[in-house]
Structure formats: C-alpha cells, structure tokens
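>>> dropping the sequence and predicted coords here.
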Amino acid sequence: MLKLRTLQELKDWRAGLDPTTSVGFVPTMGALHQGHASLLRTSVQECQVSIASIFVNPLQFNEGSDFKRYPRTEDEDCQLLAEFGMDAVYLPTREDIYPDGYECRVRPGPGGELYEGYHRPGHFEGMMTVVLKLFQRVQPHRAYFGEKDAQQLWLVKRMAQDLDLNLLVCGCETVREKDGLALSSRNAFLTAQQRSESVIVYQALCATRELFRSGVHELPRLNQMLTQTLQKYEQTEIEYAEVIDDRTFRPAEVGNPGPWRALVAVRMGETRLIDNMLLGTA
Ligand code: PAF
C-alpha cells in the first residue's frame, strides 16, 4: 500500500490512474476500528482502486482537549488499511491542508444547526471544509461514511448535491459490539462502569423502534420512550434524544411520514456517545 504524505505525491498518484478506473475514498481521522472496516471493505468491493486518508482535523474539534487526546495510531492504522486491500493512504500534515494564510470555510445550511451542530459549534463547518478539500484532492467517484454519524453523512450528501460535486456519497451500516454499543474510537475512554451502562443507548433506540413498529407513531410517546429509557442511570447526561425526519434532519412532524430516525447524544463523564436508528415511514 502506498503512503502519500504530500499533495504533490497524491496528485502524481491520482494523475497516474487510468481515467476509466473507479476510485473509492474513505476519509478518516485514524484510530481505526472494526467500524471503519465496513467502510474499507465496501470501498474495496465496489471500486477498482481504493484510497483512505488519515488526518485529525483541528478545525472540527470544538473542544481543544478532545483534539489533544484524540488517539493517534498511524502504524496500526496503516497495517489495517493494507490488510483490507486499500491501494493507498493519504497522510497529510496540518500545514499541507491548512497552509499559512488559509481562511476559507464551508458553512452547512439549516440541516447542520441542530443536534451535533448545536452541541458542537463549528464542528460541521470544520468537517465539511476538510471533506470538500479532500474530495477536491482525491477526486473519488465514491466516498464512504458511517451511518453512526448520521448528521455528518446527511450533510456530506447535501454538500455533494448542492455544490455539484461529481461523486456518490455512500453510507455504511453502523458496526456494534455484541451488547449493541456502536463502535467508536471514543469508547476507549469509558470507565468499566460507564462501559456497562453505555448499553442503555442501544436499548433506548431499540425500544423506540419497537414502539414505532407496533404502530405507535405519536411523536410525544416515541420521544418519551427514548428519553425515559436513557434516564435509567443517574450519570447519563442526555444532550439530545429526538425522533427526526431523515429527509430534512429537522424534528419529525405529524403529517410528514419521514422516514423517521431516532437520534441520541449522551455524555458519560468526559465521554460523549452518539448513535441513531432508522424507525421507518410513519
Ligand atoms: O468521521 C470522521 O472521521 C471525520 O469527521 C472525517 C469525515 C474524516 C472528516 O475529518
């Protein structure tokens, strides 16, 4: 697997590909786990050539401490990428992406204002800025994102459509631990007690989906199920827990069949967990 460290190396690699070759791209911030594996596997299956990037993007961290403690595991990451059959990895430096004098930003529309957008000011602006830059540099035909970060996926799809980007943004299913906890590099920060209590997030989503599937489409009841289940443990602090309209990423509304999605973010001590589950069409 090729390791491309500069924009020039990336450009040379890209220019050397036959124009008819389909290129799959998996942007990451490293600390790769089995959740990323599903993105890598799909890219390798669907595209003739696959490239990943590893860049811990300072612009999308609204808390400096979170940026500092974000795990950096380049060697293990590259080994995993090679094992999955990736052809190349782009490992830019901060100066390569944001050279001196850099100041432009991509601002999300209203679909990026609630939920993660509200609780992590500036996060989506930073995320969309780096994703657009990476798209411009890699010029992929397909790009792969996890459904766990549902609002991120929604915004990147929106950006691709609104800014006429000539690529397909593909969502890959959330990978879970046996007890349902969605895989995330931040799970490593949970204490043993928080880890055992974290299962409540998945249970809340499943209970809400069950209620929905049993024919209950009243939003107050669905939202109550989500919130009440999450309140089982005292130390779980709910940031948001709401049924949303998956087409608009705004709160679901009576008379608007969706599809609807249950969306959750909680804090367990220093660690934030986010997760979501598609409920269906109301
Ligand atoms: O999901 C992530 O890891 C990041 O937000 C991404 C898409 C790599 C952009 O930095």
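Yes, it's here.

>>> that's a helix at residue 131, yeah?
Yes. With DSSP: H, G, I helix; E, B strand; the rest coil as the criterion, residue 131 is part of a helix.

>>> wait, it sits on residue 26?
No. Contact criterion CB atoms under 8 Å: residue 131 and residue 26 do not qualify, at 11.7 Å. Bear in mind the C-beta positions are built from the backbone N, C-alpha and C, glycine included.

>>> which residues does the residue in the stretch 151-282 of the chain positioned nearest to the ligand contact?
Per CB to the nearest ligand atom, residue 152 is where the stretch 151-282 of the chain lies closest to the ligand, at 5.8 Å. If you count contacts by CB atoms under 8 Å, 6 or more residues apart in numbering, residue 152 has them with 116, 124, 127, 145.

>>> which of the three states applies to the third one?
Read that as residue 127. Quick answer, by three-state DSSP: residue 127 is helix.

>>> can you tell me how far it sits from the ligand?
Separation of residue 127 from the ligand (CB to the nearest ligand atom, to the nearest Å): 5 Å.

>>> right, and residue 43 touches residue 142 too?
Yes. If you go by CB under 8 Å, residue 43 and residue 142 touch, sitting 7.0 Å apart.

>>> what about those two, which has more around it?
residue 43 (28 against 18; other CB atoms under 10 Å).

>>> the more buried one falls within a helix, correct?
Yes. Assigned with three-state DSSP, residue 43 falls within a helix.

>>> pLDDT at it, what is it?
The model reports residue 43 with a pLDDT of 98.

>>> tell me the spatial nearest neighbour of it, not counting adjacent residues.
Counting by CB to CB, 6 or more residues apart in numbering, residue 43 lies nearest to residue 24, which is 3.5 Å off, once chain neighbours are set aside.

>>> residues in contact with the helix or strand where that neighbour lies?
Using DSSP states H and E, the element containing residue 24 is strand 23-28. Residues outside strand 23-28 that contact it (CB under 8 Å, 6+ apart): 14, 17, 36, 39-40, 42-44, 46-55, 77, 86, 130-131, 134-135, 138-145.
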